[in-house]
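Colleague: Any chance you can model this:
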Amino acid sequence: QVQLVESGGGLVQAGGSLRLSCAASGRTFSSSSMGWFRQAPGKEREFVAAISWNSFITYYADSVKGRFTISRDNAKNTVFLLMNGLKPEDTAVYYCALNLQMPARSSRVYDYWGQGTQVTVSS
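Modeller: Numbering: from 1, shown residues only. Reported below is the predicted structural model:
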C-alpha cells in the first residue's frame, strides 16, 4: 500500500513562489511515475505536471509551463512542485498522485492519491 502526503501549500501574493512536497511511503516510489493535479472550486480536477521514475521525462500543462518545475528525490521518496510567478488562477487544492506505469496527463491512470494541499494566490 502507498500513502502520499502533500505539504507546502499556503497563501501567497501574485508573483510569489511556493514549493510543494509530496512524501510517499512504500517501496514502489522509486520505480513509479508521479504527477501533480489541482482542483479549483467548482471546476474539475486538472493535470499540472508529471515526471518519470528517473526524472528523464517531464510533462507540464500549458498553463504552468515555464513557471512550474516538477522534480523528485528517490532517496527521500519525495516529489516536489516548485511554483514561481503564481497567479490568482493558480488557486486550487493541489494533489500528488502515483502511477505505476509511464508518466501521464490523465488522472485515470494514477493509482494512488494524496489528500491535497491548499494553495491560495491573492491579487
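
Colleague: Any idea how many residues pack against R27?
Modeller: Counted by other C-beta atoms under 10 Å, the residues lying close to R27 total 10. Using the backbone N, CA and C atoms, a C-beta is placed for each residue, glycine as well.

Colleague: Please name the residues that touch the closest residue in space to Q115 that isn't next to it in sequence.
Modeller: Once flanking residues are discounted, Q115 sits nearest to E6: 6.9 Å by C-beta to C-beta, 6 or more residues apart in numbering. The neighbourhood of E6, defined by C-beta atoms under 8 Å, 6 or more residues apart in numbering, consists of L20, S21, C22, Y94, Y95, C96, G114, Q115, G116, T117.

Colleague: Can you tell me which of these has the most neighbours?
Modeller: C96 (30 neighbours).

Colleague: Name the secondary structure element that contains it.
Modeller: Per DSSP states H and E, C96 falls inside strand 92-99.

Colleague: Output the contacting helices and strands for that strand.
Modeller: When contacts are defined as 3 or more C-beta pairs under 8 Å, 6 or more residues apart in numbering; DSSP states H and E, strand 92-99 sits against strand 4-7, strand 18-24, strand 33-39, strand 78-83, strand 112-113, strand 117-122.

Colleague: For those, give me JSON lines that also has mean pLDDT and distance to Y60.
Modeller: Output for the helices and strands packed on strand 92-99, formatted as JSON lines (pLDDT from 0 to 100; distance: least, C-beta to C-beta, whole Å):
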{"stretch": "strand 4-7", "mean pLDDT": "98", "distance to Y60": "18"}
{"stretch": "strand 18-24", "mean pLDDT": "98", "distance to Y60": "14"}
{"stretch": "strand 33-39", "mean pLDDT": "98", "distance to Y60": "10"}
{"stretch": "strand 78-83", "mean pLDDT": "98", "distance to Y60": "10"}
{"stretch": "strand 112-113", "mean pLDDT": "96", "distance to Y60": "19"}
{"stretch": "strand 117-122", "mean pLDDT": "98", "distance to Y60": "16"}
